[in-house]
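Asker: Quick one: sequence and predicted model below, then my questions.
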Amino acid sequence: MSRVGVVGAGVMGGGVAQNLATAGHEVVLIDVSKEVLDRCAERIRNDLRFSRLLPGAAPTAVDAARAQEAITFTTDYGALADADFVVENITERWDLKARVYPVLDDVCPERTVFAANTSAIPITRIASLTRRPANVLGIHFMNPVPRKPVVELIPGHHTSPQAVGTAQELLASMGKTGIVVNDSPGFVSNRVLMLTINEAAFLVHENVATPEDVDKVFTSCFGHPMGPLATADLIGLDTILYSIEVLHESFADSKYRPCPLLKKMVDAGLHGRKTQQGFFSYALEV
Ligand SMILES: NC(=O)c1ccc[n+]([C@@H]2O[C@H](COP(=O)([O-])OP(=O)(O)OC[C@H]3O[C@@H](n4cnc5c(N)ncnc54)[C@H](O)[C@@H]3O)[C@@H](O)[C@H]2O)c1
């Protein structure tokens, strides 16, 4: 595979683009504005500078300077006209995703495989937005992408074995393997994780415990490396809210009702690490 499109240059898209570039692929990274793309380029530059020192870094086929040169940052979807594979990482909202896939479908050749890096939206539903459902699947990357070697790989109802094979090949080149799971809202990881995080937010909302103490129960008593609220801050509270809303709508089950505190924090712009404030405070990341 040579040319890979990455759509969305936020927390996940930046990580996917970086991982692909260090694996030796040519990457076209798309977002809605130059400002977002510039911020993403800066994050990638900084992460590449330190990544070798961090445990679990993905294997690199090229050095940091070449990896940066391999990424084209653009707002022009036309740059995907000869992409072999596209990973979509835009905001976890159906109305936004529903607008992007028909554009990708028009711009990309028929052979191009689309991978949706969604937290909870069913892949069959996303595939229905295109004329190529056999070439659409889900790759649920973990965060931070360059340091997480396993993903969930989700074929939709019509996904072909060839498309799954192509995705597995691409993942192998990135130093990753995929656990294949069937298509269902939230897949395996987020069906469990989003409920846990939402319930942890309810504990704070109901004054049962502070965020520090909620997380301490998980880190100190269960030995988890990170508590649910620090995990929520890492993922992004907006992404958590949108994901739990997808689960709520998909299953029509009140157990997925979003915690009002989560909604309030998202309305207030407290989105976690990416805005320096969520359940915890963070220094400005450069
Ligand atoms: N954050 C996580 O830990 C995590 C993990 C796995 C999967 N995901 C999923 O990955 C996707 C992206 O999440 P994120 O955390 O990177 O979100 P984010 O908010 O950090 O980034 C989303 C990006 O999409 C861009 N965007 C929105 N509409 C667009 C369009 N029409 N064209 C191009 N770009 C557009 C936004 O400008 C933004 O930069 C979501 O579907 C999310 O559920 C997130």
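Answerer: Yes, it's here.
Asker: going forward, measure contacts and count neighbours with C-alpha atoms only.
Answerer: OK.
Asker: if I read this right, residue 158 contacts residue 123, doesn't it?
Answerer: No - contact criterion Cα atoms under 8 Å: residue 158 and residue 123 do not qualify, at 9.7 Å.
Asker: And these two? Which one has more around it.
Answerer: residue 123 (28 against 16; other Cα atoms under 10 Å).
Asker: Now that one: closest residue in space that isn't a chain neighbour?
Answerer: Leaving out its chain neighbours, the residue that sits closest to residue 123 by Cα to Cα, 6 or more residues apart in numbering is residue 156, at 5.1 Å.
Asker: Quick one: neighbours of the one you found, just the number.
Answerer: By other Cα under 10 Å, 24 other residues sit near residue 156.
Asker: residues in contact with residue 269?
Answerer: Residues near residue 269 by Cα atoms under 8 Å, 6 or more residues apart in numbering: residue 275.
Asker: try it again with 10 Å
Answerer: Residue 269 sits next to 237, 238, 275, 277, 278 when contact means Cα atoms under 10 Å, 6 or more residues apart in numbering.
Asker: before we move on, the earlier item: pull up the overlap in contacts between residue 158 and residue 123.
Answerer: 133, 136, 137.
Asker: Can you list phi and psi of the residue nearest to residue 228 when sequence neighbours are not counted for me?
Answerer: Among residues not flanking residue 228 along the chain, residue 197 sits closest, at 5.3 Å (Cα to Cα, 6+ apart). Per-residue torsions, residue 197: phi -70, psi -40 (degrees, to the nearest 10).
Asker: Residue 234 is in contact with residue 197, correct?
Answerer: No - counting by Cα atoms under 10 Å, residue 234 is not a contact partner of residue 197; they are 11.8 Å apart.
Asker: out of these two, which sits in the busier spot?
Answerer: Applying other Cα under 10 Å to residue 197 and residue 234 shows that residue 197 carries more neighbours, namely 24 against 17.
Asker: Now do the contacts for that one.
Answerer: By Cα under 10 Å, 6+ apart, residue 197 lies in contact with 190, 203, 227-232, 237, 240-241, 244, 259, 262.
Asker: Return the per-residue confidence for it.
Answerer: Looking at residue 197, its pLDDT stands at 98.
Asker: do residue 59 as well
Answerer: Here, the pLDDT recorded for residue 59 equals 66.
Asker: Report the two of the contacts of residue 269 separated the most.
Answerer: Within the contacts of residue 269, 238 and 277 form the most distant pair, 12.2 Å apart (Cα to Cα).
Asker: Mutual contacts of those two, please.
Answerer: 265, 269, 270, 271.
Asker: Verify the stated contact: the last one with residue 242.
Answerer: Okay, so that is residue 271. No - with contact defined as Cα under 10 Å, residue 271 does not reach residue 242; the gap is 11.9 Å.
Asker: out of these two, which sits in the more crowded spot?
Answerer: Using other Cα under 10 Å as the criterion, residue 271 and residue 242 rank with residue 271 on top: 25 against 20.
Asker: if I pick the more buried one, what's in contact with it?
Answerer: 232-241, 262, 265, 277-279.
Asker: In helices only, show me those residues.
Answerer: 232, 233, 234, 235, 237, 238, 239, 240, 241, 262, 265 (DSSP state H).
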